[in-house]
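Chemist: have a look; sequence and predicted model below, questions after that.
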Amino acid sequence: MSQFEKRVIAAERSNPRFSFKIKSLCYSIKIKNCKFQIRINMDIDIIRKDFSILQKEGSSVYLDSAATSLTPEPVLKAMDEYYRTYRANIHRGLYREAEKASVEYEATRRVIANFIGADSDEIIFTAGATGSSNMLMYAFELTDTFSEGDEVVTTIMEHNAVLLPLQAFAKRKKLNLRYIELGECFELDYDQAEKCITEKTKLVALTLASNVLGTINDVTRVARRAHEVGALVLVDATAAVGHVPVDVKQLDADFLFFSGHKMCGPTGVGVLYGKKSELAKLTPSYLGGGIIEEVTRTDYVLGEQPWSFEAGTPNIAGVIGLKKAVEYLETIGVENIQTHCHETLAYTQQELKKIEGVKIFSSDPVHNIGIVSFTLATVHPHDMAEILGKNGVAVRAGHHCAVPLHTELCIPATTRASIYLYTTKDDVDALIESVKEAQRIFAQA
Ligand SMILES: Cc1ncc(COP(=O)(O)O)c(C=O)c1O
């Protein structure tokens, strides 16, 4: 149980005249027959207690959640419980532990489906976003949807996890790869996107949120155009899930993927969503145990989807941890997390802008998941990250697996600070002080 849940239960007990029903961070209060809601701010101090790494003496000010998020206690506990009390393989054994493992694993599929507005049989567990992307591109290759000369469209802000498998797929199938470019304020150029997607386009692959700029893209708008010309829409939601509400139907995504570790879940587990009608057209490219109906000496018949896409023993503990991560985020409320990240990002950008020579490469806070990438005229991003690191401020410097984007911005690297549900104003102040210190050190050099 999280600290937040404990506090609500304690409030209920101490106040029997009121009936508290927790719905994210809104208390629904019933007095006599009237029902109304009071919205309270997220209590970051309480939330931070769920992250033991933040309680550790001398732990860094963590501003690197875009690389990987921290893991709350309930997630650690759920995985620990699996290993300690019912460790067994899934979908095989007929004993108690194996049945419990299978039930928990399949329950995650329902929880994830519900979280992103999908059906359970549209959810495939993978090793992460990169695993999902590669698996999908190979599966595309085995279909006859794509022929030489067809076009695939992506954006200049994609992560290597999309870009590399897509480039390799395009090369192998002799497809033309086209790019949606940047607009003026670190968002996509939607007018150019409309023109870029043509009758020849068979696939549009785009990120829901940039892991460098933080920009939340208008995927629905791009998907509308893509579907007008009959193209498939693939969404990389890795930076967005757990940071902003994500609904596959509202986005009108045919495929969408993300990683557990960016949203309070464990590493090495991810999700690939596929619209039922589109999944049915795909041939699984990854074969092995647990996916077949029948095997003879020369051939095999695959079992039902989505299980036919999950060959071999999966990351069972990871999947179980992922379920807890979603439940944890839902208890707090993804909308509340989004608001907190907007507010904290607005403060970060405001304070960074006060430092002479800082250039920000990020969209405005409202259309941003909580990322600010920046440069400081006199300090190389790697030197900046090193000084920040020595001061106990964890950020990332480099191209963040998005080289074409940096080339487009005419910079080799940026320093990136990323915000999540546990980030405080004090964390931001520590960042700002260290950036100023780096500036001072290099002014003397
Ligand atoms: C937007 C985006 N897509 C994909 C990935 C790849 O995720 P993973 O390394 O978990 O496969 C990342 C990771 O940084 C990302 O930020």
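Modeler: It's in.
Chemist: contact residues of this structure facing the ligand?
Modeler: By the rule Cβ under 6 Å from any ligand atom, the part of the chain lying against the ligand is 128-130, 159, 161, 207, 211, 236, 238-239, 259, 261. C-betas here are computed from N, CA, C, even on glycine.
Chemist: swap the cut-off to 8 Å and go again
Modeler: Contact residues, the chain versus the ligand (Cβ under 8 Å from any ligand atom): 66-68, 127-133, 158-162, 207, 209-211, 236, 238-239, 258-259, 261-262, 267, 270, 400-401.
Chemist: drop anything exposed from those residues.
Modeler: 66-67, 127-133, 158-162, 207, 209-211, 236, 238-239, 258-259, 261-262, 267, 270, 400-401 (16 or more other Cβ atoms under 10 Å).
Chemist: take the residues you listed and keep only those in helices.
Modeler: 129-133, 160-162 (DSSP state H).
Chemist: just say helix, strand or coil for the closest residue to R416 other than its chain neighbours.
Modeler: Among residues not flanking R416 along the chain, S373 sits closest, at 4.5 Å (Cβ to Cβ, 6 or more residues apart in numbering). With DSSP: H, G, I helix; E, B strand; the rest coil as the basis, S373 sits in strand.
Chemist: just give me the neighbour total for S373.
Modeler: For S373, the count of nearby residues is 31 (other Cβ atoms under 10 Å).
Chemist: so how far is the ligand from it?
Modeler: Using Cβ to the nearest ligand atom, to the nearest Å, S373 is found at 12 Å from the ligand.
Chemist: tell me the contacts of that residue?
Modeler: Residues in contact with S373 (Cβ atoms under 8 Å, 6 or more residues apart in numbering) are 212-214, 360-362, 400, 414-417.
Chemist: what of S285?
Modeler: When contacts are taken as Cβ under 8 Å, 6+ apart, S285 is in contact with 135, 138-139, 141-142.
Chemist: run the last query once more with 7 Å
Modeler: Residues near S285 by Cβ atoms under 7 Å, 6 or more residues apart in numbering: 135, 138-139, 142.
Chemist: the residue nearest to it when sequence neighbours are not counted: helix or strand, and which one exactly?
Modeler: Leaving aside its sequence neighbours, S285 sits nearest to Y138 (Cβ to Cβ, 6+ apart; 3.7 Å). Y138 belongs to helix 129-141 when elements are defined using DSSP states H and E.
Chemist: which of the residues in the next helix-or-strand element following that helix are buried?
Modeler: The helix or strand immediately downstream of helix 129-141 is strand 151-155, counting by DSSP H and E. Buried positions in strand 151-155, judged by neighbour count with 16+ other Cβ under 10 Å: 151-155.
Chemist: nearest to the ligand among these?
Modeler: T155 (11.0 Å; Cβ to the nearest ligand atom).
Chemist: test my guess that the closest one contacts Y179.
Modeler: Yes. Between T155 and Y179 there is a contact under Cβ atoms under 7 Å: 6.5 Å.
Chemist: does S210 touch M157 like I think?
Modeler: Yes. Between S210 and M157 there is a contact at 4.3 Å, judged by Cβ under 7 Å.
Chemist: domains in the protein, as residue ranges please.
Modeler: Per automatic domain parsing, the structural domains of the chain span 3-40, 55-70+334-444, 76-330.
Chemist: for the chain, what are the low-confidence residue spans?
Modeler: 1-41 (pLDDT under 70).
Chemist: center of it, which residue is that?
Modeler: T238 (2.9 Å; Cα atoms, centre = their mean).
Chemist: what distance separates stretch 86-105 from the centre of its chain?
Modeler: On the basis of Cα atoms, centre = their mean, to the nearest Å, stretch 86-105 sits 28 Å off its chain's mean C-alpha point.
Chemist: do stretch 145-152 as well
Modeler: With Cα atoms, centre = their mean, you get 29 Å for stretch 145-152.
Chemist: how long is it end to end?
Modeler: Distance between the two ends of stretch 145-152: 12 Å, counting by Cα to Cα, to the nearest Å.
Chemist: tell me the buried residues in it?
Modeler: Under 16+ other Cβ under 10 Å, the buried positions of stretch 145-152 are 146, 150-152.
Chemist: and the furthest pair within those?
Modeler: F146 and E151 (9.8 Å; Cβ to Cβ).
Chemist: pick out the residue of the stretch 301-445 of the chain closest to the ligand.
Modeler: Closest to the ligand within the stretch 301-445 of the chain is C401: 6.0 Å, counting by Cβ to the nearest ligand atom.
Chemist: residues in contact with that residue?
Modeler: Counted by Cβ under 7 Å, 6+ apart, C401 has contacts 159-160.
Chemist: gap between it and A385?
Modeler: 16 Å (Cβ to Cβ, to the nearest Å).
Chemist: E433 too?
Modeler: 15 Å.
Chemist: what does V393 give?
Modeler: 9 Å.
Chemist: for the stretch 151-300 of the chain, which segments count as helices?
Modeler: Using DSSP state H, counting those that start in this stretch, the helices of the stretch 151-300 of the chain run over 160-173, 190-196, 219-228, 248-251, 276-279.
Chemist: quick one: contacts of the first one?
Modeler: With Cβ under 7 Å, 6+ apart as the contact definition, helix 160-173 has outside contacts at 129-130, 133-134, 137, 140-141, 146, 148, 152, 154, 177, 205, 207, 236, 401.
Chemist: buried sites along it?
Modeler: Quick answer for helix 160-173 (16+ other Cβ under 10 Å): 160-167, 169-170, 173.
Chemist: so what does the residue lying closest to E99 once chain neighbours are set aside have for phi and psi?
Modeler: Leaving aside its sequence neighbours, E99 sits nearest to G93 (Cβ to Cβ, 6+ apart; 7.4 Å). Main-chain torsions, G93, degrees, to the nearest 10: phi -70, psi 150.
Chemist: which of the helices or strands spans the residue lying closest to V244 once chain neighbours are set aside?
Modeler: The shortest distance from V244 to any residue other than its chain neighbours is 5.0 Å, reached at Q338 (Cβ to Cβ, 6+ apart). According to DSSP H and E, Q338 maps onto helix 334-353.
Chemist: also R84?
Modeler: Using DSSP H and E, R84 falls in helix 73-85.
Chemist: mind listing what's buried in that helix?
Modeler: 73-76, 78-79, 82.
Chemist: contacts only, for K276.
Modeler: 119, 121-122.
Chemist: run the last query once more with 10 Å
Modeler: 118-119, 121-122, 305-306 (Cβ atoms under 10 Å, 6 or more residues apart in numbering).
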